[in-house]
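Engineer: sequence and predicted structure, then a few things I'm wondering about:
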Amino acid sequence: MLLNFITWNVDPVLLHLGPLAIRWYGLSWALGIWFTLLITQRIFKHEKLPEAWLDKLFMYTVLGAIIGARLGHCLFYEWQLLAEPVTILGITFNYGNHYLSHPWELLYIWRGGLASHGGAIGILIAMILYNKNVSKKGINWIFDRLLIGVCLCGASIRFGNLMNSEIYGSVTTLPWGFLFLRTGEIQPMHPTQIYEMLYCLVTFAIMWLMYWKKVAYKKNGLLFGIFLIGVFGSRFVLEFIKLNQEAFESNMMLNMGQWLSLPFIIWGIGLIIRSLKMQNSI
C-alpha cells in the first residue's frame, strides 16, 4: 500500500571537505546569484549597456541582499516574550529583541537567520545608491531588468530551505505532504518551500516572456510591478498555510510575513496602473 505522504530526511550538508561543511543552503544562494548574473548579463547585452554597470550592479545587489536579509531576520523575527515586562519612559514592553543589546551578534551569520523581506529592503536601498552613483536612470528602470533573474534566485533559495527542512506549512492530508523527520514532525506538512519555488518560477516565466515578446521594459516600472505582485502577493496568500516562524506571531491578525508583504503588494499595483497609462518611456 502506498503512503499518502513523502518522507523527508535529507542531510542539510552536501559534503565535507575536512573541517569545512558545504551546505545545500549556501550552495543554493551561490547558484541563485549566478542565475541572476546570467539573466541580467543577457539583458544588458541586448540593450547594449556598459559592462561596468553590470559589475557594479552585482556588487551592490549581493551586499544589499545578504546584509538586508540578515538584519531583517534579526530585527523582524527575533522578538521574545520577556520574563519580566520592562517600563521605559512610561511605556511597558512585553517583548524584547536580543540583538538590540548584543548588536555584534548581527554578524554571526553561521547561526542562521535570513529573511526574504529584509533582503528585499536591502536590495531596494542598494539600488537607490546604485542609481545615484552609477546608472542615474531611476530605480524602476533598474528593477525592471534585475528582478527577472532575482526570481530564479528566490526559487533557488527556497530549494535550500527545503534541504534544511525549514519554513514549511501546516498539517495536510494531500498526497504530496512532506513528513519532515529531522524537525520531529509526526504528521505530513505542506511543503511550502516547493510552492514558493513554483510561484518564483511562474513569475520569472511571465516577466521573461513580457520582456522579450511584449517589450515590456519600455513601460517603466511594469515588470517591477509584476514582480512585486507575483512574489509578495503569492507570499501573502501562502502565509495562511505556513507555520509561524516565531511564537509572538500567534497573537497577530496577520503574521509578520504578511504585514511585511502588504506594502510591496500595494506598491506593485500602483506601478502597474501607472506604467500602463504611460507611453513608451524609452
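Structural biologist: Thanks, I have the structure now.

Engineer: give the full set of residues in contact with the most centrally placed residue in the chain.
Structural biologist: Using Cα atoms, centre = their mean, the residue of the chain that lies closest to the mean C-alpha position is residue 116, 3.0 Å off. The neighbours of residue 116, taking Cβ atoms under 8 Å, 6 or more residues apart in numbering as the test, are 69, 72, 154, 157, 235. All C-beta spots, glycine's among them, are computed from the backbone N, C-alpha and C.

Engineer: now it: how far from residue 240?
Structural biologist: Applying Cβ to Cβ, to the nearest Å, the value for residue 116 to residue 240 is 17 Å.

Engineer: give me phi/psi at residue 16?
Structural biologist: Per-residue torsions, residue 16: phi -110, psi 130 (degrees, to the nearest 10).

Engineer: other SSEs contacting the longest helix anywhere in the chain?
Structural biologist: For the chain, the longest helix by residue count, based on DSSP state H, is helix 139-163. On a contact count with 3 or more Cβ pairs under 8 Å, 6 or more residues apart in numbering; DSSP states H and E, helix 139-163 meets helix 24-46, helix 51-72, helix 116-130, helix 192-213, helix 222-227.

Engineer: with mean pLDDT and distance to residue 162 added, can I get those helices in TSV?
Structural biologist: Converted to TSV, the helices and strands packed on helix 139-163 look like this (pLDDT from 0 to 100; distance: least, Cβ to Cβ, whole Å):
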stretch	mean pLDDT	distance to residue 162
helix 24-46	93	8
helix 51-72	87	18
helix 116-130	87	15
helix 192-213	96	4
helix 222-227	96	22
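
Engineer: select, out of those, the one closest to residue 4.
Structural biologist: Closest to residue 4 of the helices and strands packed on helix 139-163 is helix 192-213 (Cβ to Cβ; 16.6 Å).

Engineer: next, the angle helix 116-130 makes with that closest one.
Structural biologist: Here helix 192-213 points in a direction 30 degrees away from that of helix 116-130 (axes from the mean of the first three to the mean of the last three Cα atoms, to 10 degrees).

Engineer: pull out the buried residues from helix 192-213.
Structural biologist: Buried positions in helix 192-213, judged by neighbour count with 16 or more other Cβ atoms under 10 Å: 192-197, 199-200, 203-204, 206-208, 210-211.

Engineer: what does stretch 266-282 give?
Structural biologist: Of the residues in stretch 266-282, 267, 268, 271, 272, 275 count as buried by neighbour count, 16+ other Cβ under 10 Å.

Engineer: could you verify my assumption that residue 122 touches residue 65?
Structural biologist: Yes: Residue 122 lies in contact with residue 65 (Cβ atoms under 8 Å); the separation is 5.7 Å.

Engineer: sorry, back to before: from the contacts of residue 116, which is closest to residue 46?
Structural biologist: Closest approach between the contacts of residue 116 and residue 46, by Cβ to Cβ: residue 154, at 22.5 Å.

Engineer: gap between that closest one and residue 70?
Structural biologist: 17 Å.

Engineer: repeat that for residue 190.
Structural biologist: Residue 190 sits 27 Å away from residue 70, going by Cβ to Cβ.

Engineer: before we move on, what about residue 20?
Structural biologist: Taking Cβ to Cβ as the measure, residue 20 falls 21 Å from residue 70.

Engineer: same question, residue 57
Structural biologist: Using Cβ to Cβ, we find residue 57 at a distance of 21 Å from residue 70.
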